[in-house]
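>>> Generate a structure from the sequence data that follows.
(chains A and B)
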Number of protein chains: 2
Amino acid sequence: MMNFDNLITQIKVRNKKYISRAISLIENNNSYSVELLKNIHKLIGKSYRIGITGPPGAGKSTITNELTKLLLNQNKSVGIIAVDPTSPFTGGAVLGDRIRMNEIGLNDNVFIRSMATRGSLGGLSKKANDAADILDSAGYDFIIFETVGVGQSELDIAKTADTTMVVLVPESGDSVQAMKAGLMEIADFFIMNKGDRPGADSAILSLQTTLALKAHDENTFLPNIIKSTASKSEGIDDILNEIDKHRNFLLSSELFIKRRNKNNQIRVKEIVESFVTNDIWNSARTEILQNELELITNSEISPYESAEKIIEHYKKEILTN
Amino acid sequence: MMNFDNLITQIKVRNKKYISRAISLIENNNSYSVELLKNIHKLIGKSYRIGITGPPGAGKSTITNELTKLLLNQNKSVGIIAVDPTSPFTGGAVLGDRIRMNEIGLNDNVFIRSMATRGSLGGLSKKANDAADILDSAGYDFIIFETVGVGQSELDIAKTADTTMVVLVPESGDSVQAMKAGLMEIADFFIMNKGDRPGADSAILSLQTTLALKAHDENTFLPNIIKSTASKSEGIDDILNEIDKHRNFLLSSELFIKRRNKNNQIRVKEIVESFVTNDIWNSARTEILQNELELITNSEISPYESAEKIIEHYKKEILTN
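Numbers count the residues shown, from 1 in each chain, chains lettered A, B, ... in the order given. Down below sits the predicted model:
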């Protein structure tokens, strides 16, 4: 039996080694992680959660780093969860992580954790939020979810924040057009990064035109576009100001609670589905399915009939337990 | 009660209006769609399924169109399922679809259907495969799944094919580095499109170097890189040759059946989870959750406790039914 009291005590004093260990329990789907999360839940809810997303190469990590430095100067602490679709095979992000660790990661008031999408995307949003709860219970003032805005599941993670920022670059125009729709909907505001490049102002203008078409009412925070050149530390204070502006907008009404309620709704659904899925795919039912595959491939039975058989088996198990 | 016999008869003679109607039943989660899919299952398994994916702007639609024209010249019929993350809000893909419809969509031997990721991604892979089964039962020789390779869920759709092609362009280098890992794993072969641009040959060389690092044995089809310039109809015959080569490789051994078995395994799991999720989130349990949200937001109860309560309620319902 794991000693939760000590683990929680160490998390509360922001001992990075223990925080890291707690997140590993979550990542590895260790059964203690559920107990741990239940035990810390009274500690959470104080961190302000920020989501940052956008296409690959837009400068999300650079902005996160610069924003973190600015927050550190204001004596704030920051936990970063970087959801990263790369693998050791290409190694791209590993290098980025190393640079980042040297810049801010060694600071006592910063905790950085990368979580890989590799093969686990279904449950990744749940795990990222579980990890955020650990950081929240450790008392970090800000938690930043950084994800590549390249798929619905990745966007979902950035979305479950109090404030969600979408980073674009002047060149994004064509290449992200296909993704814009999703990005438009989740952005509380946009960052036009690499703002010193030619075309930045016209890209902002074009984005403004598109945004003007969006329906809005008094409960809508009209998404601004903030220009930055993060590699030169330019515009970072404007980004932080905009975060504050959005935060105040939410806090001045019921919207803050409503947003957290909505995020918790998504969260509970993810947990329910993860528990039930684990329950269903025990070894007996995995074997039943295994034995049907060739019949399905040969069109002898329908995948729907096979699915119904599995569900029947699951329900019978509940009845006999 | 819907007249399945007539619907199925019309699907079998490839009446596009009825095929389209059947796919709409699937898209709208109409309960008849399950009955329909069970009824047609004996007809399916004959189409060869091709997945094409890659970053936005790489030329996936152009390649699909050109490949379709080539197949039409060989008296083959083609069904295309384009999974498209855009929305009417930006309109990008709508234009592309219109061009496409004029070029090949009016041909009797081609059926094109776009499916939007908008808000439904969890179940999209299931729906795309259901739609493919309709096309399969209609006797299309080839079914092409075209998806933007930008997120795990989108990649999953392209993956559930007999042959999966990944399209890159010379400029992809940096911007897709972050996605390469996922793309590397699902590609049976690569297409370097826009091959007339400067840097195409060095991009191919660099990709070859990366591929050489990949582990392989006699059961692995070593992924080739095919150069094309689809906008000038160049390299399309090479692409089709490579598809045939991969197909023959699979068919010459147990690998073809194994691959279809594996895809069916993923498929049944998706169906099971979709059924159970629908079962769980009836109005009673949605209301239970609704009533807990504020307590969770205020840290009075843990999302895990709330999830367990929902599951208990679900199990009790099974027991009393």
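
>>> Is A:N219 within a helix or a strand, and which one?
According to DSSP states H and E, A:N219 maps onto no helix or strand at all.

>>> ok, it - how many residues close by?
Burial of A:N219, expressed as a neighbour count using other Cβ atoms under 10 Å in any protein chain shown, amounts to 10. (Glycine included, C-beta is placed from N, CA and C.)

>>> Wait, it touches A:E254, no?
No. Between A:N219 and A:E254 there is no contact under Cβ atoms under 8 Å: 9.1 Å.

>>> so what's in contact with those two at the same time?
By Cβ atoms under 8 Å, 6 or more residues apart in numbering or on different chains, A:N219 and A:E254 have no common neighbours.

>>> Got the domain ranges for chain A?
What automatic domain parsing lists as the domains of chain A is A:4-273, A:281-320.

>>> okay, and for the stretch 101-250 of chain A, where does confidence drop off?
The model of the stretch 101-250 of chain A has pLDDT under 70 over residues A:101-102, A:117-122, A:149-154, A:172-182, A:215.

>>> quick one: the helices in it?
A:121-137, A:152-159, A:172-175, A:177-186, A:200-212, A:236-251 (DSSP state H, counting those that start in this stretch).

>>> Same list (those) but as TSV, adding mean neighbour count.
Shown next, in TSV, are the helices of the stretch 101-250 of chain A (neighbours: other Cβ atoms under 10 Å in any protein chain shown):
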stretch	mean neighbour count
helix A:121-137	24
helix A:152-159	25
helix A:172-175	17
helix A:177-186	22
helix A:200-212	14
helix A:236-251	17
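
>>> any idea how far A:T64 is from A:G51?
11 Å (Cβ to Cβ, to the nearest Å).

>>> scratch that, A:T210
Taking Cβ to Cβ, one finds A:T210 at 21 Å from A:G51.

>>> before we move on, what about A:K69?
19 Å.

>>> Please identify which of these two sits among more neighbours.
In this view A:K69 and A:G51 are compared by other Cβ under 10 Å, and A:G51 has more residues nearby, 26 against 16.

>>> pretty sure that one belongs to a strand, no?
Yes. Assessed by DSSP: H, G, I helix; E, B strand; the rest coil, A:G51 belongs to a strand.

>>> That one touches A:I143, doesn't it?
No. Using Cβ under 8 Å, A:G51 is not in contact with A:I143, being 9.5 Å away.

>>> What pLDDT does the model give A:T62?
Per-residue confidence at A:T62 stands at 91 (pLDDT).

>>> May I ask you to confirm that it belongs to a strand?
No. Counting by three-state DSSP, A:T62 is not found in a strand; it is helix.

>>> Return the residues in contact with it.
A:N193, A:A230, A:S231.

>>> For the last one, which non-adjacent residue is closest in space?
With Cβ to Cβ, 6 or more residues apart in numbering or on different chains as the criterion, A:S231 has its nearest non-adjacent residue at 5.8 Å, and that residue is A:T62.

>>> Relative to A:E292, how far out is that neighbour?
Look at A:T62 and A:E292: by Cβ to Cβ, they are 50 Å apart.

>>> how about the spatially most central residue of chain A, what does it touch?
Residue closest to the mean C-alpha point of chain A, counted by Cα atoms, centre = their mean, is A:I157 at 3.2 Å. By Cβ under 8 Å, 6+ apart, the contact set of A:I157 is A:G51, A:V83, A:L124, A:S125, A:A128, A:N129, A:F145, A:T147.

>>> separation between it and A:N261?
18 Å.

>>> Likewise for A:L135?
For A:L135, the distance to A:N261 - Cβ to Cβ - is 21 Å.

>>> Need the phi and psi values for the residue of chain A most remote from its centre.
Distance from the centre of chain A peaks at A:E300, with 42.3 Å (Cα atoms, centre = their mean). In terms of degrees, to the nearest 10, the main-chain angles of A:E300 are phi -80, psi -40.

>>> Could you do the one 3 residues further on as well?
A:P303 has phi and psi values of phi -60, psi -30 when expressed as degrees, to the nearest 10.

>>> I'd assumed B:T297 was in contact with A:H41.
No. Counting by Cβ under 8 Å, A:H41 stays clear of B:T297, with 11.3 Å between them.

>>> from the chain's centre, how far out does stretch A:50-57 sit?
Computed by Cα atoms, centre = their mean, to the nearest Å, the chain-centroid distance of stretch A:50-57 equals 10 Å.

>>> okay, it in PDB with CA atoms only?
The C-alpha trace of stretch A:50-57 is given here as PDB (Å, rounded to 0.1, in the frame of the first residue of the first chain):
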ATOM      1  CA  ILE A  50      -4.600  28.400 -19.600                       C
ATOM      2  CA  GLY A  51      -4.800  26.500 -22.800                       C
ATOM      3  CA  ILE A  52      -2.400  27.400 -25.700                       C
ATOM      4  CA  THR A  53      -2.800  25.700 -29.100                       C
ATOM      5  CA  GLY A  54      -2.100  26.200 -32.800                       C
ATOM      6  CA  PRO A  55      -0.400  24.600 -35.800                       C
ATOM      7  CA  PRO A  56       3.100  23.100 -35.500                       C
ATOM      8  CA  GLY A  57       5.900  25.600 -35.700                       C
END
